[in-house]
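Q: let me see the structure of the following:
(one chain, ligands or ions: 1)
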Amino acid sequence: MDQRRTPLVDFLNEEVQTYYRWCTPSVLLDAPRVGDVYATDVSASLSVRGTLADNSGIFEEAHRLAAEAYGADHTLFSVHGSTGSVYVVLRYLSLMYGTPLILASRNIHISVQNACEDFGVRYRFIRSHYDPEFDAFVPPKPEEVVEALERYPEANAVLLSNPTYEGLSCRLRETVEAIRGVSEDVLVIVDEAWGAHFRFSDRLPETAMDSGADISIQSTHKQGGSLQQTGMIHWRDERVDYDVMWEAYRGYVTTSPSYHLMASLDAARAHMVERGGEEIDRLIRLSERFRGMLRERLPRLGVLDSYYLERWAEHVGGIDLTKTLLSLTSYRVTGFWLDEELQRRFRVVPETANYNSLLFIATFQLPEDAVEVTVDALESLLTGAEAPGGKRLLNPPLMDRPPKIEPYLLRRMPKKLITQKIPIDLAVGMISAETVVTYPPGVPILIKGHRIEREAVEYLKAVRDAGGLLIARDPTLREVEVLKFP
Ligand SMILES: Cc1ncc(COP(=O)(O)O)c(C=O)c1O
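A: Below you'll find the predicted structure:
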């Protein structure tokens, strides 16, 4: 091989900026920035201005500024996205409660399932809903969260993934109030990975901190303006032990965190406080222009908009107007195919595709002409691809039954002795020994310890056949790993 080649360096320097990126990270180009990243890279050895490990000096100040800006009592910076923050928060739960029980919305990210397994946290799902026209998880109603709490009064926490990947927010304030009505002790944790920009515009849904939740996990890199990989954990004092949260964080975070990543969080916070309102207004205006042009030029395309709030009014309290979710049920083609063609032929990159849908995010770095370019591209790909009879809809299994065996217990048994691989069609009715995820959005469909339902197998096969990405031991789904005993 030619060892002078640097494929990643070349990709970043020469190619990335030639794409219209309707996808994360959404980076604020005008925020303060570090001059020379290479010359200023530094570690905790230079400690006179404080260190992260003891939250002193500049770190303490940056965290305090962020807490104030995001409406929290305390904030911590993550250099490992919300995945790392989920690990910190679930480690916190296990340090506080041993093997706690949490009640989670069905759209949990795979990191929640993994961290539960690693830290011995048990979870049960809150009743969930799905809209197959838009391939969208619909958040639970406040009454459904209460119903789960009444079913499991021993629960230590409720964990809501809110807003959903598609930008739907539950009636969060009412949900928090309803939880408090049942118990003053239950922690309300919100995986708010997709809501880091919400606080800075009154046209976006309310944040977890402002709605009275105890802990919020945000991926600031997704839509909050900082560099890829960065996020924040915010919390309120009332039900959260400060020292234990720090212990959970210290035990997880790298001892060599990137100061540049943390500086980009610092910069995004300062910029959003000063100009977040106008930045977000610009993104909403661009998105509205995009949706308006699509409606005019491609009237068969489903465009998620405020009418959606009416359809799911009991569930949805607000939507992220910087996102545009399209439904392709009137077309023969899948979202997977369109995504690939848009990238390959038009250099247009949607955030994600699903069987019947495409999701676009108006990002801070997106140029205004992206709207015209993308509408033209969609028109040229979709004209002639209409499906007069409509297309079939896909429904993932919602699995609100408890597991047959707690996943964290399986984790403690020798894999070789207890599992076997078998053809997936024979696996129906058996207990899964692996977690299979359709990606994105990274939501588990088969879950370790749960019985494998025919519905789940059919859904996974349909996603595979339509060109979707599966994360599984065998992504072709010829075989799946199950428990040897029933
Ligand atoms: C709801 C949710 N939580 C957590 C994560 C993980 O976030 P990150 O990529 O910042 O690690 C994601 C990623 O897409 C997500 O959608």
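Q: how many neighbouring residues does whichever residue of the chain sits closest to the ligand have?
A: The chain approaches the ligand most closely through residue 81 (2.5 Å), counting by Cβ to the nearest ligand atom. Yep, even glycine has a C-beta here, placed from its N, CA and C like the rest. Residues contacting residue 81 under the criterion other Cβ atoms under 10 Å number 20.
Q: residue 350 versus that one, what's the distance?
A: 20 Å (Cβ to Cβ, to the nearest Å).
Q: same check on residue 94?
A: As judged by Cβ to Cβ, residue 94 and residue 350 stand 37 Å apart.
Q: residues near the residue nearest to residue 450 when sequence neighbours are not counted, how many?
A: Using Cβ to Cβ, 6 or more residues apart in numbering and skipping the chain neighbours, the partner closest in space to residue 450 is residue 403 (4.8 Å). Neighbour count for residue 403, taken as other Cβ under 10 Å: 20.
Q: around the ligand, pick out the residues from this structure.
A: Counting by Cβ under 6 Å from any ligand atom, the chain comes close to the ligand at 81-83, 109, 111, 161, 165, 191, 193, 219, 231, 441-442.
Q: okay if I get those as CSV plus secondary structure and pLDDT?
A: Output for the residues of the chain next to the ligand, formatted as CSV (DSSP: H, G, I helix; E, B strand; the rest coil; pLDDT from 0 to 100):
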residue, secondary structure, pLDDT
81, helix, 97
82, helix, 98
83, helix, 97
109, coil, 92
111, helix, 94
161, strand, 97
165, coil, 95
191, strand, 98
193, coil, 98
219, coil, 98
231, strand, 98
441, coil, 61
442, coil, 70
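Q: and the residue of the chain closest to the ligand, what does it touch?
A: 219, 221, 229, 230, 231 (Cβ atoms under 8 Å, 6 or more residues apart in numbering).
Q: can you tell me how far it sits from residue 217?
A: Taking Cβ to Cβ, one finds residue 81 at 10 Å from residue 217.
Q: put the alpha carbons of the helix or strand of the chain with the lowest mean pLDDT into PDB.
A: Taking mean pLDDT, DSSP states H and E as the measure, the chain has helix 306-311 as its least confident helix or strand, at a mean of 77. Coordinates of each C-alpha in helix 306-311 appear next as PDB, following Å, rounded to 0.1, in the frame of the first residue of the first chain:
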ATOM      1  CA  SER A 306     -48.500  21.300  12.200                       C
ATOM      2  CA  TYR A 307     -51.500  19.300  11.000                       C
ATOM      3  CA  TYR A 308     -49.700  16.400  12.500                       C
ATOM      4  CA  LEU A 309     -50.100  17.900  15.900                       C
ATOM      5  CA  GLU A 310     -53.800  17.600  15.400                       C
ATOM      6  CA  ARG A 311     -53.600  13.900  14.400                       C
END
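Q: count of neighbours near residue 448?
A: The local packing of residue 448 (other Cβ under 10 Å) involves 25 other residues.
Q: test my guess that residue 373 contacts residue 20.
A: Yes. Using Cβ atoms under 8 Å, residue 373 is in contact with residue 20, at 5.9 Å.
Q: what is in contact with these two at once?
A: 346, 348.
Q: give me the more crowded residue out of these two.
A: Neighbour tally, residue 373 and residue 20, criterion other Cβ under 10 Å: the higher count belongs to residue 20, 23 against 14.
Q: the more buried one and residue 295, how far apart?
A: 20 Å.
Q: same deal with residue 418?
A: Relative to residue 295, and taking Cβ to Cβ, residue 418 is found at 54 Å.
Q: compare those two (neighbour count), which wins?
A: Higher neighbour count among residue 418 and residue 295: residue 418, with 15 against 12, using other Cβ under 10 Å.
Q: so who does that one touch?
A: 410, 433, 483, 484, 485 are the contacts of residue 418 under Cβ under 8 Å, 6+ apart.
Q: repeat the analysis, applying 6 Å as the threshold.
A: Applying Cβ atoms under 6 Å, 6 or more residues apart in numbering, one finds that residue 418 lies in contact with 483, 484.
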